[in-house]
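# Predicted model and sequence below, questions to follow.
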Amino acid sequence: MAGKRSGGGSADGIATAVREPPRLIGIVIRRRRGEAYFLDGDRAYTVHEGDSLTEHYRVERIEAKKVSLRDLDTGRTRTIDWSGDE
C-alpha cells in the first residue's frame with residue numbers, strides 16, 4: 001500500500017517510483033478545524049493540517065470531502081477525495 005511501486009516513466013525512459021499514501025478512511029471537521037484518519041497496513045493515523053503523515057507526507061489542507069498531502073521527497077501536492085462510502 002504505502003511502499004514504492006514501479007510505474008510510468010520519465011522523459012529519458014527511466015522508470016520512476018510511485019508511492020501511494022496511506023488510505024484515507026475518514027474526515028471530521030470540528031470547530032472549523034479538520035481532522036483526517038488514515039490507515040497504513042496495521043497503523044492508524046489521526047492528523048491535522050501541518051502534521052506529518054508517515055515520513056513521506058505533510059498534510060497541507062483538510063476539507064469536508066478531501067485532503068491535500070505534500071510529498072516531502074518530490075514537493076508535489078496530491079489531493080485525495082473522500083466519498084464516505086468505505
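Cool, the structure landed. Numbers count the residues shown, from 1 in each chain.
# contacts, neighbours, all on C-alpha from now
Fine.
# Please report how far residue 70 lies from residue 28.
20 Å (C-alpha to C-alpha, to the nearest Å).
# So which of these two has more stuff around it?
Remark: of residue 70 and residue 28, residue 70 carries more neighbours, 20 against 15, as counted by other C-alpha atoms under 10 Å.
# ok, and the closest non-adjacent residue to that one?
Excluding its sequence neighbours, the residue lying closest to residue 70 (C-alpha to C-alpha, 6 or more residues apart in numbering) is residue 77, at 4.3 Å.
# and what of residue 73?
Nearest one to residue 73, counting by C-alpha to C-alpha, 6+ apart, is residue 56 at 6.7 Å.
# about what we covered before: for burial, what's the neighbour tally of the residue nearest to residue 70?
Counted with other C-alpha under 10 Å, the neighbours of residue 77 add up to 15.
# what pLDDT does it get?
pLDDT recorded at residue 77 is 96.
# try the one 3 residues further on
We note a pLDDT of 96 for residue 80 in this prediction.
# How about the secondary structure of it?
Judged by DSSP: H, G, I helix; E, B strand; the rest coil, the three-state class of residue 80 is strand.
# Surely it and residue 64 touch.
No: if you go by C-alpha atoms under 8 Å, residue 80 and residue 64 don't touch, sitting 11.4 Å apart.
# Show me what the helix or strand harbouring residue 46 is packed up against.
Secondary-structure element containing residue 46, defined by DSSP states H and E: strand 43-47. Here strand 43-47 touches strand 33-40, going by 3 or more C-alpha pairs under 8 Å, 6 or more residues apart in numbering; DSSP states H and E.
# What mean pLDDT does the strand it packs on get?
Strand 33-40 carries an average pLDDT of 96.
# List the buried residues for it?
Neighbour-count burial for strand 33-40, counted by 16 or more other C-alpha atoms under 10 Å, picks out 34, 35, 36, 37, 38, 39, 40.
# other SSEs contacting it?
Where contact means 3+ C-alpha pairs under 8 Å, 6+ apart, strand 33-40 is packed against strand 23-30, strand 43-47, strand 57-63.
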